[in-house]
Structures are given as C-alpha cells and as structure tokens.
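1. A predicted structure for the sequence below; I have some questions about it.
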Amino acid sequence: MADQKEVVFAGFGGQGVMTAGQLLAYTAMEEGKQVVWIPSYGPEMRGGTANCTVVVSDSRIGSPIINNPMSACVFNRPSLDKFGSMIRKGGLLLINSSLIDVTSGRDDITEMLVPVNDIAIKAGNAKAANMVMLAAYVATTGIVTFETLKRMLREKLGTRKEELLEINLKAFEEGRKLAKKVRMQG
Amino acid sequence: MADQKEVVFAGFGGQGVMTAGQLLAYTAMEEGKQVVWIPSYGPEMRGGTANCTVVVSDSRIGSPIINNPMSACVFNRPSLDKFGSMIRKGGLLLINSSLIDVTSGRDDITEMLVPVNDIAIKAGNAKAANMVMLAAYVATTGIVTFETLKRMLREKLGTRKEELLEINLKAFEEGRKLAKKVRMQG
Amino acid sequence: MANEANMIFARPESLRETITHYCPGCTHGIIHRLVAESLDELGLRERTVGVAPVGCSVLMYNYFNCDFLEAPHGRAPALATGFKRCRPDMIVFTYQGDGDLASIGMGEIIHAANRGEKFTTIFVNNAIYGMTGGQMAPTTMPEQKTTTTPAGRDVSLAGYPIRIAELLATLRTPAFVARTAVHNPMRVVQAKQIIKKAFRLQKEDRCFSLVEVLSTCPTNWGMSPADSIEWLKETMQPYYPLGIYKDPEKEKA
Amino acid sequence: MANEANMIFARPESLRETITHYCPGCTHGIIHRLVAESLDELGLRERTVGVAPVGCSVLMYNYFNCDFLEAPHGRAPALATGFKRCRPDMIVFTYQGDGDLASIGMGEIIHAANRGEKFTTIFVNNAIYGMTGGQMAPTTMPEQKTTTTPAGRDVSLAGYPIRIAELLATLRTPAFVARTAVHNPMRVVQAKQIIKKAFRLQKEDRCFSLVEVLSTCPTNWGMSPADSIEWLKETMQPYYPLGIYKDPEKEKA
Amino acid sequence: MPGIRIDKNFCKGCELCVHACPMQIISMSKDINLKGYFYARVHEPTRCIGCRICAITCPDVAIQVLNHGTQFTLFQY
Amino acid sequence: MPGIRIDKNFCKGCELCVHACPMQIISMSKDINLKGYFYARVHEPTRCIGCRICAITCPDVAIQVLNHGTQFTLFQY
Amino acid sequence: MAKRLMKGNEAIGEAAICAGARNYFAYPITPQSEVAEYLCWRLPEVGGIFVQAESEVAVGNMLFGAAASGKRVFTTSSSPGISLMQEAISYMAGAHLPAVILNIMRGGPGLGGILPSQSDYFQATKTGGHGDYRVIVLAPSSVQEAVDLMILAFDLADKYRNPVMMIGDGMIGQMMESVEFPEKYREPNKPEESGWALTGAKGRDSRIIKSLFLDPEKLEENNLLLAEKCKKFMANEIRHELYKVSDRNRILIAAYGTMARICQTAIDELEAEGVSVGLFRPISLFPFPEKVIHDEAVKKNIEKVLTVEMSVGQMVEDIERCVQGRKPVEFYGRTGGIVPTPNEVKGKVRELLKLTA
Amino acid sequence: MAKRLMKGNEAIGEAAICAGARNYFAYPITPQSEVAEYLCWRLPEVGGIFVQAESEVAVGNMLFGAAASGKRVFTTSSSPGISLMQEAISYMAGAHLPAVILNIMRGGPGLGGILPSQSDYFQATKTGGHGDYRVIVLAPSSVQEAVDLMILAFDLADKYRNPVMMIGDGMIGQMMESVEFPEKYREPNKPEESGWALTGAKGRDSRIIKSLFLDPEKLEENNLLLAEKCKKFMANEIRHELYKVSDRNRILIAAYGTMARICQTAIDELEAEGVSVGLFRPISLFPFPEKVIHDEAVKKNIEKVLTVEMSVGQMVEDIERCVQGRKPVEFYGRTGGIVPTPNEVKGKVRELLKLTA
Ligand SMILES: Cc1ncc(C[n+]2csc(CCOP(=O)(O)OP(=O)(O)O)c2C)c(N)n1
Ligand SMILES: Cc1ncc(C[n+]2csc(CCOP(=O)(O)OP(=O)(O)O)c2C)c(N)n1
Ligand code: SF4
Ligand code: SF4
Ligand code: SF4
Ligand code: SF4
Ligand code: SF4
Ligand code: SF4
Ligand SMILES: [Mg+2]
Ligand SMILES: [Mg+2]
C-alpha cells in the first residue's frame, strides 16, 4: 500500500467531479497502474452533492473504500466540511476558492486554494472548472503525466468536440500553472 | 395404541365417503373419544377417487397417517385395489358388492360383501349408500353406539331435511341388519 | 371399417388421443379442439409452443401434440413474451382462464398486448375459478353464487365483472381482439373462424391477438351441462357481448 | 410585516414548510400543493392517510402534514384498499407516478378501481421513470429518447403509450376518472377543481376516483422547465386528451 | 350414407350432443363406460344426415362423422 | 395595493413564474441562495395586480400573494 | 367451551376471530381455500371484512396497508402464493407492522403438487424476502395447536410489531380434529391506543409508516432495531416440546408439525419393541430452540440425531448448526406430497442403530 | 484483449454478451439500472434483444419463457426486485431451466436504501422461493471477477440446467476498474442441440417444460433429481480464495464480495503491525465451501473465526454450521449502506485478541 494513492473529488452535482475522477483513472490505467474509481452514488434522484474516489496503485488494490484518503479536491463548501477532516495526516487538500471562502483549519496537511471557477471562466468555459482542478492536482502530485492525461482527454472527447477540447486543454494549462504557483507559495 | 381404531372410507367422488367418515368422527367425539378425520385430497379438480381415514382412540392420537388401517369400507373397484392390500392382518374389509364383483383375495382379514347401493335404492334413495355402509361398519365393530350415531345424524342434518333424515335412518337400519347377517355367515 | 377418406369430422392431429380430466360438459374441451384444428389447418403444429396456465386447463400439455410450457398462475403472457422474443420464427399461444388472466395476470396481459407481442391468447372466461373449487373470479356475474360469495357477488363490495376484450381494445397498439362463445354449434363454428384468424395473423407476423371465449363450468356453477349452456346464454352473453373489438385488417382499410 | 388577513395565496396547512427535493421546475410540486389545498378546503387533513409510491415522490410523506404510508413500488392501491377497508371513516389517497401505476402497478390499480375501493388516486404522468434516472415508462411518447431507448421509443418493439384514464374509464364499476395537466395557470386552476372533486366524492363515500395529471420532468427530459412545459403541451397533450372520462354525477343524471 | 361413431370411452355423458342433434337420434345408454359414465349412442343411425353438429358440440371429441358421399354441407368449418 | 413575497430559499430558480406573470415584473436575481440557485424577485413591485398567477405556477410554493383590498379576482381558486 | 370437530382450515379461521382479528385478505389456493370459504360468511357475522384480492402480491400489500390501521389483520395462502408475498413481508418487517400469515405448505418447487409438504422451512425461517429481517415462525402439529398458536401469533405480532408466520403442511389444513376455543373471544384492537397506528393527524404530529431510510445511519438504526427484536424473540419466544426424552434414548429425533406426530407413533412402537428414542419438536421454528436441541443431543446415550422432514432437508441445517458436531446428524425425508409413515421412520431408526426389523 | 476501464454494471453486461447471451429482460432499479442502459444499445449491435418488462414479476417469467427456448438468457436487478422474482425462480428450478440472475444488493428490508449491502445472502443461498430447490450463488469481489464469474454463471446454468445467481453489493455495480475480456466471444447456443429446448415438435415427440407433478411419486422423483444436482454442485462447483492464510494466523476472517477486499486491506495493515490474520473468501456461496472453512478454522493457532458482513449476520450462520463449535465464531457487521472500513475490521480483530490499538 505504500505505493497507493487516493484522491476524492467532491462537489455539487453539475460540477463535473465524476468526470475529473474518471479521466484521472483512465490516465493512470493507461500508464500501467491498477485503478479503482468509485462514486458515492446518492439517492435515486437529482441534486445534492456528488463525490468519487480514485485509487491508484502499482499493485492489487484491496479496499475500494478509503477510510482516510491521501488527497481531496473539494469544489464546494459541504464537500470541504465532509472531506476536510478525513484526509490523512500529511495529505493534500485542494480547495475551490472561487466558491469556498474558508479553509479546513488543519495544520497537519497541505492546503491549496485554487479559484478553479474563475480560472475556467477566463479559459473560456465555466464548465471546465473540473479540468482546472484536475490539472492542479496532477501537477502537484505528479500522479500521472500531462502527456498521457492530454491524450486520454482527446480520446474520451473524440473528434467531434474540437472546440471543447481546446477549452479543456487551456484549462489544463491554467490549472498546471496555478499548482506550481501555489506550491511555491506553500 | 392398543385402544386405537382406524377406518378408511373410499370410493368415487360422489359416493359420500367423506360424509360417512365425518359422521363417524362426530359420533366418536360425542362419545368422548379422540378423533382424527383426514381426507386424501386430490388434485385441484373434479373426478377421480376420494377417500378419508377416521382414527378413533381413547388417548392422544399420534400419526394421522395410517400405514395399515384396521378396517376399510370400499365403494368401488379402484378403492378395493388400493386399500384391500393395505389393511392390517386380522383387519376388516367391507366391500360394496353392488359395484364390485371381486374380493381382495386375502385370507388374513375378515371380508364382508355388502351391496350398499342396492340396499339404499330399496331404502328410498341411491345416495344413502354411504349410510348403509357406515351402519354395517358400526354394527360390525361396535366402534360407536347407534343411539349416538342417530343423534349426530339428526344434528348434522338439522330440522329442514326431515325427509332425508327418514331415508338415512332407514338406511342405517338396513345396514345394521346386513352386518349382522354377514357376521352370522362369517 | 368405414372408409377413412370419408371422415368429415375427426380428431385433429394437434390433439392427442387422450381422455381429458375435464368434467362432463365442460366446454374447455371444445375450445381445445378449435385451437388444435386451427393449428392443423394452418400447418403450424410443428413449430408451435403452447403456454399452459394454472387453472383447470393446466394439464392441457398432455392433450396437445405440440411443445408446451407450463406457466406460473397468471404469468403465461410473460413467458410467451420471453419465448417469442427469443424465437420469433415460432408460433406461440397462451391459453388462460379468467382467474389466471383477468385476476392475477392482469398486468402481464395488458403489457404484453400493449407491447404488441406477436403471440395469441385464448382467454377462457367461465366466470369462476374452476380448478380451486368455485371461488369468485373478476368475471363472476353480479349475484352469482360462488364459494367465496355464498350470498352472490355483491357489486358494492366486489365491483362489476371485468370485460377483458373491451379493456384491451382501448389500447392504441394494433391487435386483434374478439369475444366468442361455444354454447351452440353456430357459435362454435364462428369461434373456430375467429380463433383461426388469430393464429393466421400471428403466422403473418402481424400483431398480438386475443380471443375471449365464453365457456361453462357445470361443476362449480352447480348445473347440468345443458343448463350451463342456458345460463351462459341468458346471463353471461348479455353482459359480455360477442364480437370483434379490434382488428388490424379493419384498421388498415 | 404585511397584514396576514390580506394574504390571498399562501402555503396550505396540509403542506409542511419544507424545501422539497424535487428538481427546479418539476411540476410534482404544483400537484402536491393542489392535493394539500383540496384537503384543507374540504377539512380532511386530520383524518387523511396518504400512500406514497416509489418514484420521485417517495419522500412526499415529509412534505405533507397528514399521516402517511410508504408503499412498495406500484402497490399503493393495494395498501390503500387494505387501509380503507379497515377504516372506512378515514380519507385515503395514493399518489403515484406513471412507472409506479401504469407499469408495475397495473394490476393493482385496475382491480382497486374495479372493486370500487373508495379512495382517491393522483396519477402523475410525466412520461418517464424520473427517480431511477430517466428510463422508458409505459407512458413514454413514441420516439421519445430515454436512457433505455437512446434512439427513441420504437413502437414496433415497445408499443404505444398507455392511456390510463381511458383504460380505467371502460370499467363498469362507478368511478370518477379524469385527466388534467398543470402546464399553465388556467390548467392548474382546472386541475385543482378536479382534484378537489375527487376528494369530495370520497368524502361523500361515493366511489373510487382517479385524476391523471400530466407533469414535467425537466431533468430527465433534458430540457429547461419552460421548454418542458412546451413539450408537454405540444407532444403529450394531443396524445393524452384532457377531460373527465367517467363521472358518477353525470351517470346518475 | 352418413353416420357417426361415438367412442364410448371418451364420452362423459354430458348429453350436449343429445340436445344438439337436429334429428334427435342420439340418446344415452343404460350402461356405464370405463369411467363410470352413461355414454351417448345413436338410436336411429339411418336418419343421420351427417351434419356434424353433434361432433362440433362434443367437448370430448368423442364423435367422428362419416359421410358416404351423398350429403350437403350445412357450413364451412 | 397587491403584492407578492418570494421566499428566496424555497425558490429553485426554475423561472416558471417569470414566464407566467402577465405584468412581466418578475426576473431572476444575480445572487444565489443557500441551495445555490439564482432566485426569482420582483423588479417592479408597484405594477403587481395580485393576480396570483405566479404563485399558482410556482412548483415550490415559494410565493405568497397579498391583496390590500382593492383588486378584482381573475378566477375562483 | 364445548369441543367441536373442525377442519384445520376452518378452525384456524375461527381462531383468528377469537383473537380479535376482523380483517382478512386472501387469494384462493389449494390446500387452504377453505379458510376463505369459511371466513367469507363468518367474518361478516362478527362485523369483520374479507377482501378477495386479485393476487397474492396484492394480498401481501393489502395486509401491509391494513396493518397500518392498527387492527389485527391476517392472510392465509400456500407455497407459491407465499413466494409472491415476499416483497411485502420484507416491507412490513422493515416498517414494524404486525400481521399474521399462514402458509399451508404444498409440494414444490414451482407448481409442484398440492399434497402435504414441509419444503418452505427455509423461506419462512431464513426469510424469502430481501434485507435483514426475521419473522417469528410457529409450527402446529394438531388442529388444536393450530388454533392456540394462531391466537398466540396475533399476540406476538402485536407485542413485537413484526409479522408472524404460521406454517403447516396440507394435513393441518385438511384434517378434522376436535378443538376447543377459549371461552372469551378477544375484543378487536383499539387503534387509537396503539401509539403508532395511522389514525389521522388530529391533535398530534403526523405519523409515517415506512421502510425507506436514505440516510445509511438511519437505515442501520432501523436494522439494529430489527436485530434487537430478534434477540428478544430468542430470549422470550422459544417454544418446543420434548416427547419420551430420557437418559435411555439412543436416538433423538428432531421433527416439527404433523411430521412430529408421525414420529411419535414410531417412537411409541419402537418403545414397545424395546428401542428408546426421544423426540425434539420445535414449535417456534424461528426463534429456533438452539440450546434445547444442543443440550439434548449431547446427552450421553444419544448415538445419533435424526432429523425427519417432508423435504429433502432444510431444518436439518439448523440442527447441524446447533448440535455443533457433538453427535452425528442424520436425515430422513420424503417429498412431493409423500408423507413418511411411522414404519419408514422406524425403519430409518433401525438402520441407524444397525438393528434388524 | 486490451484492458478497459469499466463500471461494474457495464462490464457485467459485456460479460454476458461475451458468454454468448443475447436475450436480456429487466426492469430499472438502482443501483444496477446501468446494466440495462448499456445493453439496450449494445445488444442490438450483436443481434440480441432487450425487453424492458413491466415489473420484476414479469421479468422473472419472461426469463422463464425465454430460457425454455434453449438460448442463454439473463436478468439483473436489486433486492426488492429479486424478491418479486422468487416464484418464477422456484418454477425455473423445478422445470430445470438455465438462467442467470444478478442481484446488485442494496440495503433492506423494504425499500431500505440504495447503498451497498450484503443482506440478501439468506434469500440467495437458502432460496427465497418455495419448495426444495437450490441455485448456485456466486459472489465476485472485483469488476474483473464479476466478468469472469458472469461468464462462468452461464456455463454452470447450462451444465446443470439450473438457475445461477450472482450477488454483489452496490459497489460491484458502481465502481470502475480495469477489466480484460476473453479474446474469443462465445457463439450463442444452438437450441436444436440442447436435447430439451422447445424447438417445435417436428420429427420428434412434443416436449413439455413444467414443474407440476400431481402424482406425488413423480414430484418426489423431480425433487430427488434436484437434490442430486445439489450434490453435484457440492462435489464440483465449490470455489473459494484463501488470503494470507498461514499457521501463524490467530484469527481467520470469513468474508465475501467487496467486503473480503476490505478485509484484505485490514489484514495487510494488521500484518504490518505484527498481527497475523488470514482470510477465507467463499466465491461460491452455494455450494458453500463447507470443508475448507472447517479445515482452516480448526488449525491450531486460530483463536477465533471472525465473520464480517454488510448485514446483521447471515453468512455467519453457515460459518457456525461448518465450524462445528471447534472455534468460537464471532461476527462484525454494518448495515444499511454503511460499508465497514478496514479500520473497523482492524478494531474488531484487536478487540477479539484483546490488543490495544
Ligand atoms: C400463485 C398462485 N396462486 C393461486 C393458485 C391457485 N389456483 C390454481 S388455479 C386457480 C384459479 C383458476 O381459475 P381460472 O383461471 O378461471 O381457470 P379455470 O379453472 O376456471 O379454467 C387458482 C387461484 C396457484 N396455483 N398459484
Ligand atoms: C420492486 C421495485 N422495482 C424497481 C424499483 C426502482 N424504482 C424506483 S422508482 C422507479 C420508477 C419511478 O418512476 P415513476 O413511477 O414514473 O415516478 P417518477 O419518478 O417519474 O415521478 C423505479 C423503477 C423499486 N424501488 N422497487
Ligand atoms: S371445474 Fe369447471 S372449468 Fe374445471 S373442468 Fe370442471 S367444469 Fe370445467
Ligand atoms: S427527476 Fe424529474 S420527476 Fe423527478 S424530481 Fe426531477 S424533474 Fe421531477
Ligand atoms: S351428424 Fe347430425 S344428424 Fe348425425 S348424429 Fe350428428 S348431429 Fe345428428
Ligand atoms: S357430447 Fe360427447 S361427451 Fe357429451 S354425451 Fe355426447 S358424446 Fe358424450
Ligand atoms: S400576482 Fe400576478 S402580477 Fe403580481 S407578480 Fe404574481 S403574476 Fe405578476
Ligand atoms: S416559480 Fe417559484 S421556484 Fe420557480 S423561479 Fe419562480 S419563485 Fe422560484
Ligand atoms: Mg375460470
Ligand atoms: Mg414518471
């Protein structure tokens, strides 16, 4: 398990947290890793919060349920409240500071404030906030390479959505930059 | 079990074998005995043969299912074929000789030929054949008294069916006589 | 021996030479024969699967000379759907009583009809649960005495009899739906034509078809076969009008 | 503060002050209010038992201010029958979606209606399975895309949409059966009158009553609430004509 | 000459054919068959017109009808 | 004078009232409420005729209507 | 009260009335249709109601709705019909509703046959529906006991707010025996006094009867409540009978229902032949008399435990579980409507003891 | 074939196609509706059919009819839906028909919740329907295993002409993992070659597929045939996995499905802490690996057997039965959609061994 990494993506229903997690899982698998992506599927209806966990490992993955994940990317306040305290000591917490104006208050983890909505709007599409976040996370942790990530994005989007691809790639770049900046600050 | 007596009444669907058995059971209960009346209920449809077993005992009755009954009253050929061989050694077999022209061929039981249909027709109603048989059986075995038997018949028929009562009482008398006659022959 | 070539009425090939368990005068027997004759005449026997219900006709698989499935009570249309979807090249029919089809199996028949499953249902309405000893069915007539309505069906508690042909005819999906009876020779002849048409439409891969047949249950009605015929005519038929309720061939025109 | 005496539109007493889980623009909310207003105006709240379905409205028991039972999927009419027979002095209603009532619960609703059970059914037809994420319902329109008919409902495989009001109206047992909609204010007003009448007939111990209400599901239809209203009007309403299909008060006259 | 054959062991004695025969030539026997039923039989075979009504009516397919080539047909069946 | 009150936390921003109001005086706010929805508000309260159409249309019972005694009634409800 | 000779099915119907039950829902099925045929006229006499449902699925759910009224409610059916009620039973258990369900078992699986059988033991005791719940299961061996247990069933259902099943083979329903009913018939329940029944939200908060708990913590709470009930069943509601159990027993027979009576006859006859055999008869099949059978089985002279059932072997798994390998557990069963006779049981005992007949 | 990252529900659908199944009947229910949402477009691509039924009662019976065609047929559902299929499953077993049924279990009883649960163990393994029959029950612990077992399920169903169930909690359906499918997809069955399927009475006697045997001798014969199959299941189809089982184990954990994976993590972590625990994971829940668990449990250093389930305790009854009192059998469970975490399992192990954390 020493080689195992876990990350939770959590937010409102429409914020694309599931997609972000899946893209990460595809990418890690492409790079030869063992992966599990698991949603916390809510009641049989709309609304509320959504989250998924991605586990990436070099060897067989045991429990798909993670007591205390290594990292979390939270997109809204309820998600911060829920996952902020669950992260493992020494773990990483990415907070969408466009919508959340507080922090976890913990000092035993690394916390990064990333205004992903604002950045996404700048990049051309508010819906790309999840990609900004994913890029920030990937850049910070190096869990996968950007090269594979971009290839998988292309593959998943297919050829039809050229425009969307551009926006998402731009979002990646912004997120990546951001992560570095924050890291330097941190 | 030494005090336990069992009898099977068996015949075609419409021959009143169930009623005969029930009347015997009512009478024995009235006389303070433990009783079980159990039909062999057939498939969910009409036709075929019907039979019931009555167990009468002074003490608690164990199995309601009787391997080898002490007696049987058979109203038609298939019933003779089925129960003729099941009667306990030393038991009693009453055969409706109006409809059956053979016997069981056994020499370890007492066999009585009783033309109950013919007698019932004479008594005024072909449907009273079952009562003729019951009377013959009761008279032969003394399992219950005729007094109680008649009282129970009256009770079960109620006041409305005065005419039917008369016919049945007459059938009883005929059956009773018959039994005696046969016994003297035997 | 008579010359078999001159036989103008004989047991159809699709019907085995077996004595049935039906009560004397029970018209299940006539309806069986009409189905068998239809299969014979349309040349379908060798590619037909019947689905038997739970009811007096549960043992019909012993009487027919074609493959058979025996369904749980009321579910024959679901079995027929499953089978026919797997083998659209075969001919499938269900044969169901009124307890089976109109009571427990209401959901299944409506949905099969509505999906337009291409099988044929022969619906034998004898206004009672025959096999279990004469309890009230949804089709039992007002005031009719049964073992669970000893004082007669009380419509204020149990409602009015359900008319299946009318009910199914309201569905928008094309289908052939008719009601016939077998209480006199002319009716039997008509019933035969209608049943045969139902199978023909299936043979032509057209649509779902259901033929409701008014039938007698002398045993549980507590009547002689002849009186049962009268009762059917006088009591059932006015409430259950005979006729073709839905016909894809008419719709087309 | 405004003078409450001048309030000419406010939350009915039978509806709790709770934010519902329904999606924005989902007309389940309007229908809830109409039921609650009817209970209020007829003074029934304190002796009413609602039966919630399985569907998006499963949690309605949290929103109403009266006793509630939660039924297995489709079986609300059977629960209502059981309860009402035990307590004929109480008012009972079921509230069911189209998957619940017209698919899995078809047998139960037809038989409850046919027995003339004296409860009221509010039937919310939104042409889809809302709660489970937008699968085809028996009421789904031809060509309508759902998660189990990604290319649109193919009537040659799945048949045509079932029209419940028409189907139930064919039953002989007296009942009140109507279809309404809530896609514009005038319709809402009419729907209210009809729903209230359904409850009034129950209050008067008259008969079974069912009100079908055409409703939207913006989420699973993949449209804005406003577009959903349009789609309902243009696509659903022509196939599902509004009106009173059966009325014991008319029958009498 | 037309005629019918009744398989007495298939007959359950329901009497429907007796009522149905337009020539009134079927009646019940005094004997019982294997199953215990009084079975139907033709008491005036020569009057049979081969109309098949008895056979069509019989719920137990106990009746066959033979036509020796001279008869008309009442209906298509 | 008639008027309405919108409970912004009950509002889910479906905009149905916006389309329904005959006076076209309802529009959506730029803020979001507790649940994250842009909620409805009245931008010209003085023009409200107290017709109740918005309230009748609202699926979330977010709207109350007050009538200060001067208005007519469009319909019985 | 005077003794009456009654058919099991009818006596059971009368017993329900005696217990104060007035609301009965059923669908015909052999071999128990006589319950409905009796109650359809008998219930109206006492102001009760009988609804002939359209199916057993509907029956289960009518029962569910009726139970919510706080009145005593019940149904009767037979094997295939009981299978169709499994969803509703699961819901009722989850919603803490009392109801009494009688299964007069017939041979299965599928349509099977209509003759006596005990092959629904698993379905009843391990629960055929989904989820963590259990129902109390009672098994009478005579008509009188069927009457007594039927009355008890209503009391237990109310006491625990849980469905209670009684299971008997076709013989229990079809045979006539003499029965006595309690002098005093119970008055029907007063729903207002229940504290939970749906009686209208007048002068109180509204009540909700449900089994849905979307919050897993709440659902677990409900499951623990149900598990708590099970513990109480185990602690308070174990019922059994021992027959001719003594230190001399070489074989302990385990059997329930009428099968146990048949074994009694076999035991009597074996005793006459000098072979000592005892009988363990669970009356509550759930809660199962786990300790009783264990403690009896370990007794010194017992060589083997013989389970006899009208099935290919279902209760025997519970016997194995309880005997914990302390004695070999053997099995004898007949199925499909064939009832093992005392002779067959004796034969099996002799075989186990290597005796010649 | 290349690895694919797939959701369990979709992978299971693809696995059925891979096994040559082309006929699927279902009714939507969370958390497995994605199987239908996948197959509704995927099956037509390979010439298959999907019928969205009107209810699970209809699903069970469509499956029954379809199975009689001799083709490979299957359905998927979740707990309440499976309860509604019990009558049909009993009929199919009685009529010796092969079919594959997947239950992605959710919390119950009743409507319960939609989160992962293992509380339908009894229903599956002891059979929720009436009568003497059993179905093979398989329980995968990963998406890949779900694929492999799904394919196996079809083979076993055909081999024994018996329904086969696969049960998994909601996680199995909802999680994505990488999966590989066999290179070669199976060809659909040829019904004509089956020797029993209904293909039309052309050039042969007519065939009847039924479960009704009014003659008790015949019904018993059928029951014995079914019992015979069970023996074959026991002899040939037991499947299990042992993980870190060694002579040093102080505790043996018994768990199945994803629960077993969670226990694996706990075991790994305990190992790191110096506490030796082994895992027994039954893959076939019926036939249950009775001897395996018995033989592992009796090993000298094992102090206790700990059964961990997402239920209040169901499989634990089988463990108790098999361990035969040789070691204390303990239980830890969470219900209602709460999944026990590795930490909780570790806590329970420590508690049993009286270790402090
Ligand atoms: C699930 C189930 N419920 C009930 C029964 C009992 N049962 C057998 S036949 C029948 C009714 C038969 O009536 P109908 O369908 O009208 O057929 P008929 O016998 O009148 O031809 C019933 C209720 C059963 N076998 N299975
Ligand atoms: C027995 C059973 N089958 C299936 C389900 C899953 N299920 C929940 S709601 C639903 C359909 C709801 O659709 P509808 O009745 O139209 O209500 P809506 O959500 O559209 O208001 C289904 C299939 C269930 N809970 N129980
Ligand atoms: S019981 Fe009725 S339906 Fe059944 S065979 Fe006899 S007459 Fe026919
Ligand atoms: S899913 Fe559809 S029906 Fe359900 S609440 Fe949302 S809009 Fe309404
Ligand atoms: S064929 Fe016609 S005339 Fe001849 S016996 Fe039959 S019914 Fe009578
Ligand atoms: S109709 Fe057929 S069964 Fe009836 S009496 Fe005539 S020959 Fe016999
Ligand atoms: S009451 Fe009428 S005018 Fe006033 S805001 Fe509402 S809809 Fe507009
Ligand atoms: S209709 Fe109601 S919920 Fe919708 S925007 Fe207007 S106030 Fe808000
Ligand atoms: Mg009928
Ligand atoms: Mg809907």
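-> On my side now, so go ahead. Ligands and ions are numbered 1, 2, ... in the order given.

2. C-alpha from now on. contacts and neighbour counts both.
-> OK.

3. what does stretch A:156-166 contact?
-> A:153-154 (Cα atoms under 8 Å, 6 or more residues apart in numbering or on different chains).

4. Give the buried residues for it.
-> Going by neighbour count (16 or more other Cα atoms under 10 Å in any protein chain shown), the buried part of stretch A:156-166 is A:164-165.

5. One more: stretch E:59-70?
-> Buried-residue list, stretch E:59-70, by 16+ other Cα under 10 Å: E:59-68.

6. SS state for the most centrally placed residue in chain A?
-> With distances taken as Cα atoms, centre = their mean, A:Leu134 lies nearest the centre of chain A, 4.1 Å away. Assigned state for A:Leu134: helix (three-state reduction, DSSP: H, G, I helix; E, B strand; the rest coil).

7. In contact with it, which residues are there?
-> A:20, A:24, A:172, A:175.

8. and those, which two are the farthest apart?
-> A:Leu24 and A:Gly175 (14.4 Å; Cα to Cα).

9. Selecting buried members of the contacts of A:Leu134 in ChimeraX, what would you type?
-> Filtering these down to the buried ones (16+ other Cα under 10 Å) takes a single ChimeraX command:
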select /A:20,24,172,175
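
10. nearest to D:Leu214, of the contacts of A:Leu134?
-> A:Ala20 (37.4 Å).

11. what's the pLDDT at the closest one?
-> Looking at A:Ala20, its pLDDT stands at 96.

12. Check G:Met165 too.
-> The model reports G:Met165 with a pLDDT of 98.

13. My reading is that it lies in a helix. Confirm?
-> No: according to three-state DSSP, G:Met165 belongs to no helix; its state is strand.

14. in terms of contact, does E:Arg5 touch E:Val61 like I think?
-> No: the pair E:Arg5 / E:Val61 is not scored as a contact, 10.7 Å apart, by Cα atoms under 8 Å.

15. Enumerate the positions of the worst-scoring helix or strand of chain A on mean pLDDT that are buried.
-> Here the helix or strand of chain A ranked lowest by mean pLDDT, DSSP states H and E is helix A:162-185, holding a mean of 79. Buried positions in helix A:162-185, judged by neighbour count with 16+ other Cα under 10 Å: A:164-165, A:167-179.

16. Please, where are all the helices along chain C?
-> For chain C, helices defined by DSSP state H occupy the ranges C:28-42, C:76-86, C:98, C:106-115, C:155-158, C:164-169, C:185-203, C:218-221, C:225-231, C:237-239, C:248-252.

17. Mean neighbour count and distance to ligand 7 added to those helices, as TSV?
-> As requested, those are arranged in TSV below (neighbours: other Cα atoms under 10 Å in any protein chain shown; distance: least, Cα to the nearest ligand atom, whole Å):
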stretch	mean neighbour count	distance to ligand 7
helix C:28-42	22	65
helix C:76-86	30	51
helix C:98	29	54
helix C:106-115	26	43
helix C:155-158	17	47
helix C:164-169	23	43
helix C:185-203	21	57
helix C:218-221	21	65
helix C:225-231	19	64
helix C:237-239	12	53
helix C:248-252	10	48
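
18. Which among those helices is found nearest to F:Glu44?
-> helix C:106-115 (52.3 Å).

19. what residues does the closest one touch?
-> By Cα under 8 Å, 6+ apart, the list of residues contacting helix C:106-115 reads C:74-78, C:81, C:101, C:168, C:171-173, C:175, C:208-209, D:103-107, D:155-160, D:162, H:54, H:58.

20. That one: how far from the chain's middle?
-> Here helix C:106-115 is found 16 Å from its chain centre; the criterion is Cα atoms, centre = their mean, to the nearest Å.

21. can you tell me if that helix touches ligand 1.
-> No: shown here: helix C:106-115 not in contact with ligand 1 (Cα under 6 Å from any ligand atom), separated by at least 11.4 Å.

22. If you average the pLDDT over that helix, what comes out?
-> The predicted model gives helix C:106-115 an average pLDDT of 98.

23. and the direction of it versus that of helix C:76-86, what angle?
-> Going by axes from the mean of the first three to the mean of the last three Cα atoms, to 10 degrees, helix C:106-115 is angled at 40 degrees with respect to helix C:76-86.

24. export helix C:106-115 as PDB, just CAs?
-> Taking Å, rounded to 0.1, in the frame of the first residue of the first chain, the C-alpha atoms of helix C:106-115 are listed here in PDB:
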ATOM      1  CA  MET C 106     -53.900  -8.600 -15.400                       C
ATOM      2  CA  GLY C 107     -50.600  -6.700 -15.500                       C
ATOM      3  CA  GLU C 108     -49.000  -9.300 -17.700                       C
ATOM      4  CA  ILE C 109     -51.700  -9.500 -20.300                       C
ATOM      5  CA  ILE C 110     -52.200  -5.700 -20.700                       C
ATOM      6  CA  HIS C 111     -48.500  -5.100 -21.100                       C
ATOM      7  CA  ALA C 112     -47.900  -8.000 -23.500                       C
ATOM      8  CA  ALA C 113     -50.900  -6.700 -25.600                       C
ATOM      9  CA  ASN C 114     -49.600  -3.100 -25.300                       C
ATOM     10  CA  ARG C 115     -46.100  -4.000 -26.400                       C
END
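
25. Can you give me the distance of the residue of the stretch 201-350 of chain G found nearest ligand 4 to ligand 8?
-> Of all residues in the stretch 201-350 of chain G, G:Leu214 sits closest to ligand 4, at 15.6 Å by Cα to the nearest ligand atom. To ligand 8, G:Leu214 is 25 Å away according to Cα to the nearest ligand atom, to the nearest Å.

26. Excluding chain neighbours, what is closest to that residue?
-> Nearest residue to G:Leu214, sequence neighbours excluded (Cα to Cα, 6 or more residues apart in numbering or on different chains): H:Gly113, at 5.0 Å.

27. Quick one: residues contacting the one you found.
-> Here H:Gly113 is in contact with A:43, G:212-216, G:219, H:106-107, H:336-337 (Cα under 8 Å, 6+ apart).

28. Point out the other elements, helices or strands, that the longest helix seen in chain G touches.
-> Longest helix in chain G, counting residues (DSSP H): helix G:216-236. Helix G:216-236 sits against helix G:86-94, with contacts defined as 3 or more Cα pairs under 8 Å, 6 or more residues apart in numbering or on different chains; DSSP states H and E.

29. residues contacting G:Glu237?
-> G:284, G:287.

30. The stretch 1-150 of chain C against chain B: which residues are in contact?
-> C:21-23, C:56, C:130-133 (Cα under 8 Å from any Cα of the partner chain).

31. at 10 Å what do you get?
-> Applying Cα under 10 Å from any Cα of the partner chain, we find that the stretch 1-150 of chain C lies next to chain B at C:21-24, C:55-58, C:130-133.

32. Next: chain E.
-> Looking at chain B, the residues of chain E close enough under Cα under 10 Å from any Cα are E:35-36.

33. need the helices for chain A, in chain order.
-> Going by DSSP H, chain A shows helices at A:17-30, A:77-83, A:116-123, A:129-141, A:146-157, A:162-185.

34. do the same with the stretch 251-357 of chain G
-> For the stretch 251-357 of chain G, applying DSSP state H, counting those that start in this stretch gives helices covering G:258-272, G:290-297, G:315-323, G:342-352.

35. Does at least one residue of the longest one sit close to chain H?
-> Pointing back at helix G:258-272 there. No: applying Cα under 10 Å from any Cα, one finds helix G:258-272 separated from chain H by no less than 16.7 Å.
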